[in-house]
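Enquirer: heads up, no residue letters with this:
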């Protein structure tokens, strides 16, 4: 994979539905070059597929964070189900190591974020937590 392939993938990450002619113009190459590169990247498995982002996927939350949770005994599945009912919880991950679950949280204000943390800490089975605010994200 060279620089042109990397630029092509970056352009597709921004808009996977971009026309070949638009990609060619953006990259400064011919349409057939884009088609050839795209076919090769898909055949090699470098591009595994294309996806759709919905409005909720790209919704900008003013305050975002990760909350690591320690769950007592066998309550992890129950806690996970409860966490998924909280609208500000964007995703819940089971993990290995020190923490049992990690909740991705998004809120509009610090006050709302704090209320979500408080509610999660009160869930049955949660014995300990640690939260990290996400300050910036790079892809």
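Expert: The structure has been received and is ready for your questions. Every value quoted in this text rests on a predicted model; they were computed, and no experiment measured them.
Enquirer: Would you map the helices across the chain?
Expert: 3-14, 20-27, 31-44, 76-83, 110-121 (DSSP state H).
Enquirer: between the third one and helix 20-27, how big is the angle?
Expert: Just to be clear, that refers to helix 31-44. 100 degrees (axes from the mean of the first three to the mean of the last three C-alpha atoms, to 10 degrees).
Enquirer: The closest residue to residue 30 other than its chain neighbours - how many residues pack around it?
Expert: Excluding the flanking residues, the one nearest residue 30 by C-beta to C-beta, 6 or more residues apart in numbering is residue 24, at 5.8 Å. For every residue, glycine as well, the C-beta is placed using N, CA and C. When counting by other C-beta atoms under 10 Å, one arrives at 18 neighbours for residue 24.
Enquirer: ok, now residue 117?
Expert: Per other C-beta under 10 Å, the neighbour tally for residue 117 reads 18.
Enquirer: Name the nearest residue to it, sequence neighbours excluded.
Expert: Residue 117's closest residue in space is residue 131 (C-beta to C-beta, 6+ apart), at 6.0 Å.
Enquirer: Quick check: beta-bridge partners of the one you found?
Expert: residue 67 (DSSP bridges).
Enquirer: That one against residue 68, yeah?
Expert: Yes. Using C-beta atoms under 8 Å, residue 131 is in contact with residue 68, at 7.4 Å.
Enquirer: And the helix-or-strand element of the chain with minimal mean pLDDT, what's buried?
Expert: Evaluated with mean pLDDT, DSSP states H and E, the helix-and-strand set of the chain has its lowest mean pLDDT in helix 3-14, which scores a mean of 90. Applying a neighbour-count criterion of 16 or more other C-beta atoms under 10 Å, one finds 5, 7-8, 11-12 buried in helix 3-14.
Enquirer: do stretch 115-123 as well
Expert: Along stretch 115-123, these residues count as buried under the neighbour rule (16+ other C-beta under 10 Å): 116-117, 120, 123.
Enquirer: do stretch 90-109 as well
Expert: Buried, per 16+ other C-beta under 10 Å, within stretch 90-109: 92, 99-107.
Enquirer: Mean confidence (pLDDT) on it, please.
Expert: Mean pLDDT, computed over stretch 90-109, is 94.
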